[in-house]
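Visitor: sequence plus predicted model, see below.
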Amino acid sequence: MRQIIVGFYDNLKSVSRGFASMNYEVLGYRVGDLVKMEILVSGKKEEAFSKIVTRDEAFDEGKKIVTKLKRRFAAAALCGGFAGLHFIKNYCPGNYQGQ
């Protein structure tokens, strides 16, 4: 359900170029099989990558995040350092392979 709501909200913002909003009302809480997925970078927990997911989707979601991180770190290494991952695309367009 979370994916549906988040996906809808993201699409709403994209289509409206950020001007739309969404109201909702919490009708109650239900028990779910949820886990906190944590990503380690160099053996240290990085809270920025932590999120709550269902136990069933934890492996796939973690794999997706780690794959993106590996691509970005590889691109940064090709450019000679970590001046800032958001600069990689602009300063090293020939080496940048991430998204």
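Guide: Arrived safely, thanks for sending.

Visitor: the top strand by length along the chain pairs with which strands, and in what direction?
Guide: Scanning the chain for the longest strand, with DSSP state E as the assignment, gives strand 44-54. Partners of strand 44-54 in the sheet, by DSSP bridges, are strand 34-41 (antiparallel).

Visitor: any idea of the mean pLDDT in the partner strand?
Guide: Across strand 34-41, pLDDT averages out at 88.

Visitor: and the longest strand of the chain, which residues are buried?
Guide: Residues 49, 53 are the ones in strand 44-54 that count as buried (16 or more other Cβ atoms under 10 Å). For glycine as for every other residue, the C-beta is placed from the backbone atoms N, C-alpha and C.

Visitor: and for stretch 59-70?
Guide: By neighbour count on 16+ other Cβ under 10 Å, the buried set for stretch 59-70 is 62, 69.

Visitor: could you dump it to CSV, C-alpha only?
Guide: Taking C-alpha atoms only, stretch 59-70 is exported to CSV below (Å, rounded to 0.1, in the frame of the first residue of the first chain):
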residue,chain,number,x,y,z
PHE,A,59,16.3,-7.9,-0.1
ASP,A,60,15.2,-6.5,-3.4
GLU,A,61,15.0,-2.9,-2.1
GLY,A,62,18.4,-3.2,-0.5
LYS,A,63,19.9,-4.6,-3.6
LYS,A,64,18.5,-1.7,-5.7
ILE,A,65,20.0,0.9,-3.4
VAL,A,66,23.4,-0.8,-3.1
THR,A,67,23.6,-1.2,-6.9
LYS,A,68,23.0,2.5,-7.4
LEU,A,69,25.6,3.4,-4.7
LYS,A,70,28.2,1.1,-6.3
